[in-house]
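Visitor: pasting the sequence and the predicted coordinates here, then a few questions.
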Amino acid sequence: MMSEHKHYLIEKNLNTNKPQEIPMKDLMMLKGAKTLVDNCTMVKPGETVLIVTDMSKTTIAKAIAALVMERDAEPIIMVMKPRDRAGQEPPVSVAEAMKSADVVFTPVSYSITHTHAVKNAAAAGTRIIVMTDFTEGMMVGGGLDANFQELKPICLGVAKKFKDGKQIHLTSPGGTDLTMDITDRRGNALYCIVEPGEFSTVPTVEANTSPVEGSANGRIVVDASIPYLGIGIIEEPIIVEVKNGFITSIKGGRQAQILKNNLAAQKDPNVYNIAEIGVGLNPECRMCGIMLEDEGVVSTCHIGIGTSITLGGTVKSPIHYDLLMWDPSIEVDGRILIKGKNVSL
């Protein structure tokens with residue numbers, strides 16, 4: 001059997017008229033690129049499509065650019081060095097370009113989602129697809145195989161319950177017991193399809209909201225994943241105590257210590273802010289330690305910490321991390337909205 005890198009398609013190089021070898025892997029990624037360009041953003045002829053990437057994600061950027069060209073739109077790839085951490089702003093030149101593009105894709109190593117750059121680009125009417133830590137394998141199969149149009153009404157329904165609600169009570173079999181105030185907070189529906197002025201993560205399908213600052217109280221038991229800092233799938237539950245909207249203690253084993261040390265190193269109290277509650281709604285996503293797959297897994301819930309400005313909150317911090325748990329039960333104003341895999345709208 002030939003190894004993957006020995007499979008090729010031959011096509012002519014437009015500049016030299018010489019045959020050019022295209023690895024089968026790159027051809028397979030066009031499947032995901034088609035979903036991103038045709039289904040998620042519905043790119044139109046003549047539109048400007050900016051692909052913000054870094055040195056380790058250029059193959060993904062090129063696959064998207066190929067489909068953009070096929071749709072008679074204008075692809076622009078901007079390659080920056082990887083950010084030092086999630087939540088760090090991109091260079092000013094990139095942020096300005098994002099505001100002027102019709103569509104932006106962000107296949108990057110560290111998240112630039114919870115930044116002023118994304119918030120300002122959305123305010124300017126850009127359609128933004130977030131692709132943090134995307135892999136070539138994710139372009140071929142997994143969460144991108146979901147029918148986003150079918151999941152859209154479910155995601156919108158959960159987001160509306162958040163928008164209309166006042167109090168959330170979150171519990172889990174692992175020991176989570178957390179309350180928060182969501183009065184007058186918007187519900188965010190991220191179902192991988194964007195209109196002008198919207199952003200969505202891909203392939204996670206999730207509904208989320210940002211609690212009123214200072215209102216979260218209780219305990220979070222993380223037993224699924226923290227897809228940041230190399231932590232990934234949880235080996236031993238991490239117990240996080242919360243008082244008046246902020247984390248007050250983190251206990252557990254090796255992975256808990258990684259999280260604890262990283263937050264302390266930021267030297268910013270806002271990293272301990274309870275910024276988000278989100279629910280995974282994509283039946284094709286699988287728990288694997290990669291953020292945008294993990295957070296979409298059905299029967300999970302995540303609590304975001306740190307920055308909340310892109311979700312409807314007011315806090316900006318150096319980071320935004322998500323803490324995932326299995327089999328959540330979420331009550332909104334005393335009524336069950338989520339219980340494990342079941343959604344009650």
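Guide: In hand now; what should we look at? Numbers count the residues shown, from 1 in each chain.
Visitor: for E213, helix, strand, or coil?
Guide: Here E213 takes the coil state, with states given by DSSP: H, G, I helix; E, B strand; the rest coil.
Visitor: leaving aside the residues next to it on the chain, what's closest to it?
Guide: Counting by Cβ to Cβ, 6 or more residues apart in numbering, E213 lies nearest to G245, which is 5.5 Å off, once chain neighbours are set aside. Every residue, glycine included, has its C-beta placed from N, CA and C.
Visitor: please apply the same query to N273.
Guide: What sits nearest to N273 in space, not counting adjacent residues and going by Cβ to Cβ, 6+ apart, is V315, at 4.7 Å.
Visitor: name all residues that make contact with the most centrally placed residue in the chain.
Guide: The centroid of the chain falls nearest to T201 when counting by Cα atoms, centre = their mean (4.1 Å). Contact analysis of T201 by Cβ atoms under 8 Å, 6 or more residues apart in numbering lists 113, 129-130, 132, 190, 192, 292, 295.
Visitor: max pairwise distance over those residues: which two?
Guide: Taking Cβ to Cβ as the measure, the contacts of T201 span a maximum distance of 14.9 Å, between I129 and E295.
Visitor: of the two, which one has the most company?
Guide: In this view I129 and E295 are compared by other Cβ atoms under 10 Å, and E295 has more residues nearby, 31 against 23.
Visitor: please list all residues in contact with the residue nearest to E213.
Guide: 211-217, 273-274.
Visitor: so which elements touch whatever helix or strand G137 lives in?
Guide: For G137, the host element (DSSP states H and E) is helix 136-140. Helices and strands touching helix 136-140, by 3 or more Cβ pairs under 8 Å, 6 or more residues apart in numbering; DSSP states H and E, are helix 24-34, helix 58-70.
Visitor: could you list the buried residues of the longest one?
Guide: By neighbour count, and taking 16 or more other Cβ atoms under 10 Å as the criterion, the buried residues in helix 58-70 are 60-68.
Visitor: swap in stretch 87-102?
Guide: 87-88, 90, 94-95, 97-99, 101-102.
Visitor: over to that stretch now: how far is its first residue from its last?
Guide: With Cα to Cα, to the nearest Å as the measure, the first residue of stretch 87-102 is 23 Å from its last.
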